[in-house]
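A.B. asks: Generate coordinates for the sequence data below:
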Amino acid sequence: MRVFSYWVFPIISGVVWLATLLGLLLHWIIDTHRKIYGSEDGGQTIAYISDVGAAELKPLFVAGCIITTIFLDLAFACDRLLRHNGRLVPNTSVGEKVLSGLSIVFAIIGTFGLCLLSGFDTAHYPTLHDIFLLLFIAGYLISAVFICWEYQRLGKKYRQHRVLRMSFWVKLTFIIVELGLAIGFAVCNFRKDYNHAAILEWVVAFVFTFYVFSFIIDLYPAVKTRNGDRYSLRPMNTNDMGEALREEHPSVFGQPRDTRDSDRTLTNAHNAPAPAHHNKGRSAHTDF
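C.D. replies: Predicted coordinates:
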């Protein structure tokens with residue numbers, strides 16, 4: 001039995017991203033006692049992620065961003081490949097394949113944005129850093145829109161596969177929440193309300209973690225086809241549901257019964273001659 005499966009990619013990506021953020025945040029709070037960095041603006045007391053990542057923990061920030069995006073892009077690529085090979089619910093139209101391709105393209109744009117913003121830190125390259133930050137946020141948001149659109153179309157065709165609807169709603173929630181937070185972040189920056197902008201930046205980054213983990217929902221069904229089988233597209237009928245429940249909880253539902261004996265009994269009963277008293281006729285008045 002193989003231990004490795006494709007759903008491990010988003011787990012690695014999400015765990016690395018979460019560990020990177022927690023490392024930076026806890027270092028700033030505990031180790032530096034909320035240090036004011038030279039890259040911070042006047043009156044700012046809450047550090048941006050980029051302020052902490054531009055200092056002594058820059059190697060952690062850069063490595064975390066690179067590893068996160070590599071495994072997240074692998075999750076995107078695996079989703080497309082598994083659908084193409086029939087190991088997940090396949091794309092059945094050109095439009096769905098185009099949406100899938102566009103989601104990968106914009107994810108790569110977001111990848112470049114995140115990797116480059118970590119290297120071109122805000123302390124030495126503030127303008128470039130802001131440009132790459134915009135690429136990162138816009139790239140992954142637009143990518144999420146396309147993949148959400150793709151799953152919405154798949155969910156309408158394959159209503160029996162609830163995992164598609166679940167993934168659609170998770171990603172749609174991410175889009176709405178992140179878009180609202182990103183707008184708030186931009187407004188606070190424009191109004192020079194840097195402390196609230198910094199808080200929103202941290203929240204945006206942590207919410208991104210849940211988006212990464214959402215790809216576990218998409219890739220986990222491929223476990224059923226790891227032996228080369230194709231993903232079943234037919235709806236689950238009542239017999240399948242009963243067998244699935246018995247396999248999952250044999251002690252509760254018991255094993256499926258062999259109905260051959262009962263069928264034979266019913267058949268024999270149907271073909272057997274009627275009892276003698278059923279054929280008794282009323283041929284004479286003495287019978288009364």
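A.B. asks: show me the contacts for Ser116.
C.D. replies: No, residue 116 isn't Ser; it's Leu. 128, 132, 135 (C-beta atoms under 8 Å, 6 or more residues apart in numbering). C-beta: built from backbone N, CA, C; applies to glycine.
A.B. asks: and if you look at Val62?
C.D. replies: 53, 115, 118-119.
A.B. asks: Closest one to Asp193 out of these, please.
C.D. replies: If you rank these by distance to Asp193 using C-beta to C-beta, Gly53 comes first, at 21.3 Å.
A.B. asks: The closest one and Gly119 touch, don't they?
C.D. replies: No - assessed by C-beta atoms under 8 Å, Gly53 is found out of contact with Gly119, at 10.1 Å.
A.B. asks: neighbour-wise, which of the two wins?
C.D. replies: The neighbour count for Gly53 versus Gly119, taken as other C-beta atoms under 10 Å, is higher for Gly53 (29 against 15).
A.B. asks: Report the separation between the more buried one and Leu21.
C.D. replies: 10 Å (C-beta to C-beta, to the nearest Å).
A.B. asks: and what of Ile142?
C.D. replies: On the measure of C-beta to C-beta, Ile142 and Leu21 end up 22 Å apart.
A.B. asks: Those two: which has the busier surroundings?
C.D. replies: Neighbours around Ile142 and Leu21, counted as other C-beta under 10 Å, are more numerous at Leu21. The numbers are 21 against 18.
A.B. asks: mean confidence score for the helix or strand hosting the more buried one?
C.D. replies: Assigned by DSSP states H and E, Leu21 belongs to helix 8-26. Per-residue pLDDT over helix 8-26 has a mean of 96.
A.B. asks: what distance separates the start and the end of stretch 22-34?
C.D. replies: The first and final residues of stretch 22-34 sit 14 Å from each other (C-alpha to C-alpha, to the nearest Å).
A.B. asks: Enumerate the positions of that stretch that are buried.
C.D. replies: For stretch 22-34, a neighbour-count test (16 or more other C-beta atoms under 10 Å) marks 23-25, 27-28 as buried.
A.B. asks: For this protein, which helix or strand comes out least confident on mean pLDDT?
C.D. replies: Lowest by mean pLDDT, DSSP states H and E among the helices and strands of the chain is helix 238-248, with a mean of 43.
A.B. asks: What is the neighbour count of Gly38?
C.D. replies: Gly38, neighbours per other C-beta under 10 Å, totals 9.
A.B. asks: quick one: the helices in the stretch 101-250 of the chain?
C.D. replies: 126-157, 162-190, 194-213, 215-219, 238-248, 250-253 (DSSP state H, counting those that start in this stretch).
A.B. asks: Looking at the ones you listed, spot the one closest to Lys58.
C.D. replies: When the helices of the stretch 101-250 of the chain are compared by C-beta to C-beta, helix 126-157 sits nearest Lys58, at 12.2 Å.
A.B. asks: my guess is His84 contacts Ser100, does it?
C.D. replies: No - the criterion here is C-beta under 8 Å, and His84 misses it with Ser100 at 9.1 Å.
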